[in-house]
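Engineer: coords below, sequence missing:
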């Protein structure tokens with residue numbers, strides 16, 4: 001048997017050098033230069049680093065443009081949502097570029113009303129597909145209903161044994177589409193989730209869908225009054241859907257809960273607050289700025305029901321709401337250093353994504369470049385430019 005070897009030159013290590021970035025990490029850092037390799041931020045310096053010619057270096061000069069962390073969308077229907085008006089109203093799965101064009105470099109997928117024909121198996125598979133395409137992705141187990149649908153027969157087992165599963169959600173309360181869970185059922189679910197989080201170092205949270213029901217957040221308040229489970233485990237979303245609910249949500253942050261605002265389109269929020277107005281109100285009232293996040297509900301339906309539970313109209317949420325809401329907040333002259341954590345570092349802290357949500361040495365190279373109009377010009381996910389100068393460089397397999 002004979003073996004032949006080809007005398008090929010060894011590939012040069014590849015670096016990405018970003019110079020003259022007006023860096024927000026999310027705090028303002030001034031003009032900095034970033035060196036990136038293998039999807040990680042290697043260094044952040046005041047002077048442009050000099051690299052030996054044995055390294056292959058691709059340089060991007062931002063000429064003072066703002067560089068911010070990539071957005072973390074902690075509530076997206078990555079397999080599609082909907083179905084409340086029949087099978088034809090099922091929203092299809094979102095393509096890769098629908099996330100990156102919104103500045104989303106990390107996403108958490110979940111199931112909603114339909115946790116029967118859409119399953120945790122397909123959700124987990126979609127997570128792995130997005131990872132293969134270059135996005136960072138995770139998911140919750142369960143869905144609207146209790147007992148939760150799972151892959152391994154229990155919530156605790158799913159979180160412990162399935163790496164991408166970080167918690168349970170979205171569990172519906174104060175909504176006619178929920179399973180009308182009792183407090184004991186919610187406490188048992190929260191306990192299972194919390195213990196699994198302790199065993200794994202994962203978030204271990206229950207992500208609650210809040211409907212327009214009159215009970216509002218009373219179930220969560222009762223749980224906090226009754227149990228020893230940490231308040232951080234209880235994570236309500238859609239809290240800006242009506243104004244009474246939003247005031248309840250603001251108050252509950254004082255007990256240690258992080259609450260999530262949904263980037264609803266303006267015409268879907270007549271009885272509530274659009275995200276940018278909710279944020280302004282939250283800040284004006286002096287609530288803890290670290291206990292608030294924003295997500296898109298991308299791929300989910302936005303139905304409107306009458307008092308009999310009959311569907312009146314339906315819209316669909318898009319991931320683009322992340323970028324649109326961010327711009328809207330800056331257009332309201334809300335300080336970038338106050339609003340940026342709501343989509344980055346606050347989310348990373350809640351979900352225990354220890355290398356996300358900030359721009360620092362050793363963190364994942366998830367970066368957005370903004371223009372003077374607060375729009376996203378370029379997107380880097382895990383060290384790869386997906387969009388550069390508004391040109392889409394990376395597409396999902398079935399997009400073209």
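Structural biologist: Alright, I've got the coordinates. Remember, it's a predicted structure, so these values are computed and weren't measured experimentally.

Engineer: C-alpha from now on. contacts and neighbour counts both.
Structural biologist: Noted.

Engineer: Centroid-nearest residue for the chain?
Structural biologist: Nearest to the mean C-alpha position of the chain, counting by C-alpha atoms, centre = their mean, stands residue 73 at 1.7 Å.

Engineer: Run through this structure and note the low-pLDDT ranges.
Structural biologist: Applying pLDDT under 70 to the chain picks out residues 1-13, 82-86, 88, 265-270, 300-317.

Engineer: What segments of it are helices?
Structural biologist: Shown for the chain, the helices assigned by DSSP state H span residues 96-100, 120-132, 155-161, 183-200, 218-226, 243-252, 275-284, 321-331, 336-339, 345-351.

Engineer: Show me which parts of the shortest one are buried, residue by residue.
Structural biologist: It refers to helix 336-339. By neighbour count on 16 or more other C-alpha atoms under 10 Å, the buried set for helix 336-339 is 336, 339.

Engineer: Now do it: distance to the chain's middle.
Structural biologist: The chain centroid and the centroid of helix 336-339 are separated by 17 Å, computed with C-alpha atoms, centre = their mean, to the nearest Å.

Engineer: One more: the fourth one?
Structural biologist: For helix 183-200, the distance from its own C-alpha centre to the chain's C-alpha centre is 22 Å (C-alpha atoms, centre = their mean).

Engineer: What are the contacting residues of that helix?
Structural biologist: By C-alpha atoms under 8 Å, 6 or more residues apart in numbering, the list of residues contacting helix 183-200 from outside reads 146, 155-157, 159-160, 166-168, 202-206, 219, 222-223, 227, 229, 233-234.

Engineer: how about the helices of the chain, which one is nearest residue 389?
Structural biologist: Nearest to residue 389, of all the helices of the chain, is helix 96-100, at 13.1 Å by C-alpha to C-alpha.

Engineer: Domain ranges for this structure, per the record?
Structural biologist: For the chain, the structural domains run 14-68+355-392, 70-351, going by automatic domain parsing.

Engineer: ends of the shortest one, how far apart?
Structural biologist: End-to-end distance of domain 14-68+355-392 (C-alpha to C-alpha, to the nearest Å): 21 Å.

Engineer: Kindly report the same for stretch 354-364.
Structural biologist: Stretch 354-364 has an end-to-end distance of 9 Å (criterion: C-alpha to C-alpha).

Engineer: so can I have TSV of the domains of the chain showing distance to residue 398?
Structural biologist: Listed next are those as TSV, based on distance: least, C-alpha to C-alpha, whole Å:
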stretch	distance to residue 398
domain 14-68+355-392	15
domain 70-351	8
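
Engineer: Of the ones you listed, which is nearest residue 399?
Structural biologist: Within the domains of the chain, the stretch nearest residue 399 is domain 70-351; the backing value is 6.8 Å (C-alpha to C-alpha).

Engineer: My guess is residue 166 contacts residue 159. True?
Structural biologist: Yes. Using C-alpha atoms under 8 Å, residue 166 is in contact with residue 159, at 5.8 Å.

Engineer: These two - which one has more neighbours?
Structural biologist: Using other C-alpha atoms under 10 Å, the more surrounded residue of residue 166 and residue 159 is residue 159, with 31 against 27.
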